[in-house]
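> need a structure here:
(one chain, ligands or ions: 1)
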Amino acid sequence: MPKLGEVNFVRAIGAAGARHALDKPFSDPKCGLYLGDLGVVLGLLPPPPARVLDLGTGPGWTTVFLARRGYDIVGQDICGDMIELAEQNRDRYGAWSASFVVQDYEGMPYRDEFDAALFYDALHHAEDERQALAAVYAALKPGGVCITIEPGEGHAAASGEAVAAFGVTEKDMPPHHVIAAGRAVGFRSFRVYPRAAEPRLVHGVGADGPTFPAKPGRWRAAAGFARKTLRALLKGTRDADHTFLFGLPPDAVLRDGNVVWMEK
Ligand SMILES: C[S@@+](CC[C@H](N)C(=O)[O-])C[C@H]1O[C@@H](n2cnc3c(N)ncnc32)[C@H](O)[C@@H]1O
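The predicted model follows:
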């Protein structure tokens with residue numbers, strides 16, 4: 001049977017793995033990043049009580065959070081044991097507007113009934129991501145949006161152990177690839193946003209001294225600007241110059257794991 005690795009995943013990870021999955025995101029050191037991602041999702045979804053389809057929901061934590069926010073939401077997953085965990089989470093957190101279904105996202109029966117769909121760390125397990133996005137396109141109402149939050153280039157190469165141990169599919173799923181697949185199945189407009197990141201220091205004060213980072217004086221700032229401009233003129237631009245000079249992200253971010261928003 002195809003996708004057996006995904007179907008049997010919870011049994012393969014044992015009791016401790018299942019407990020970790022059940023308690024996600026709180027059980028994971030990346031809890032802050034997960035919650036940051038969810039903050040981005042909340043900023044991009046239409047307001048509640050929109051009807052949302054959460055694809056590859058796993059233990060259901062995203063579905064449960066969004067239900068508690070007021071969404072009418074269906075969480076689906078190919079793994080029946082994951083859906084059992086998700087149902088436990090629905091009961092634990094009183095997320096009564098969430099329902100769950102065992103289903104392959106590459107072949108769903110929905111037509112024009114959801115306002116939004118979410119793939120959270122799930123599309124990169126697809127055998128055929130274009131087919132999965134086509135099924136989501138059919139499930140969305142006109143004007144509905146699909147949001148994907150996926151790992152970028154290098155993920156497949158870094159996942160060799162998981163593939164060998166569990167027989168799951170692991171792929172790179174950078175934004176340019178998601179957009180190409182989305183465009184091929186009919187989505188018409190696209191936006192890319194950064195995923196949640198570790199906190200970035202913008203200001204610090206030491207015990208006995210000046211603030212950090214110090215604000216450069218006007219001559220120093222002007223000299224830095226002139227140096228970068230001259231270098232760009234003589235040697236061409238680098239990614240960092242592009243951001244510095246024009247405030248635009250370099251193309252490289254389209255190879256990273258990011259958030260893609262696409263509209264039907
Ligand atoms: C990395 S887990 C992420 C789960 C969840 N979104 C989370 O953040 O905890 C990927 C999930 O996608 C599910 N999945 C993989 N292929 C699928 C398919 N074809 N249809 C539905 N779900 C699938 C897996 O069973 C798994 O639960």
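
> Please count neighbours and contacts with C-alpha atoms only from this point.
Will do.

> Output the set of residues of this protein in proximity to the ligand.
Residues of the chain that fall close to the ligand, judged by CA under 6 Å from any ligand atom: 6, 56-59, 77-79, 103-106, 120-122, 125-126.

> the strands in the stretch 101-250 of the chain, which residues?
Here the stretch 101-250 of the chain has its strands, by DSSP state E, counting those that start in this stretch, at 114-120, 140-149, 189-194, 204-205, 211-212.

> can you redo those as JSON lines with distance to Arg90, mean neighbour count and mean pLDDT?
Listed next are those as JSON lines, based on distance: least, CA to CA, whole Å; neighbours: other CA atoms under 10 Å; pLDDT from 0 to 100:
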{"stretch": "strand 114-120", "distance to Arg90": "18", "mean neighbour count": "24", "mean pLDDT": "98"}
{"stretch": "strand 140-149", "distance to Arg90": "22", "mean neighbour count": "22", "mean pLDDT": "98"}
{"stretch": "strand 189-194", "distance to Arg90": "29", "mean neighbour count": "15", "mean pLDDT": "95"}
{"stretch": "strand 204-205", "distance to Arg90": "42", "mean neighbour count": "10", "mean pLDDT": "73"}
{"stretch": "strand 211-212", "distance to Arg90": "46", "mean neighbour count": "12", "mean pLDDT": "60"}
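
> and those strands as CSV, adding distance to Arg68?
Listed next are these as CSV, based on distance: least, CA to CA, whole Å:
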stretch, distance to Arg68
strand 114-120, 16
strand 140-149, 19
strand 189-194, 24
strand 204-205, 36
strand 211-212, 40
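
> What about Gly152, how many residues nearby?
Taking other CA atoms under 10 Å as the criterion, the count of residues near Gly152 is 21.

> same question, Ile83
Burial of Ile83, expressed as a neighbour count using other CA under 10 Å, amounts to 24.

> May I have the residues that are in contact with it?
Under the criterion of CA atoms under 8 Å, 6 or more residues apart in numbering, the neighbours of Ile83 are Thr57, Gly58, Pro59, Gly60, Gln76, Asp77, Phe100, Val101, Val102.

> ok, the last one - contacts?
It refers to Val102. Contacts here follow CA under 8 Å, 6+ apart; on that basis Val102 touches Gln76, Asp77, Ile78, Cys79, Gly80, Ile83.

> does it have beta-bridge partners, and which?
Legend: beta-bridge partners of Val102 under DSSP bridges are Asp77.

> Model confidence for it, exactly?
pLDDT, the model's per-residue confidence, is 98 for Val102.
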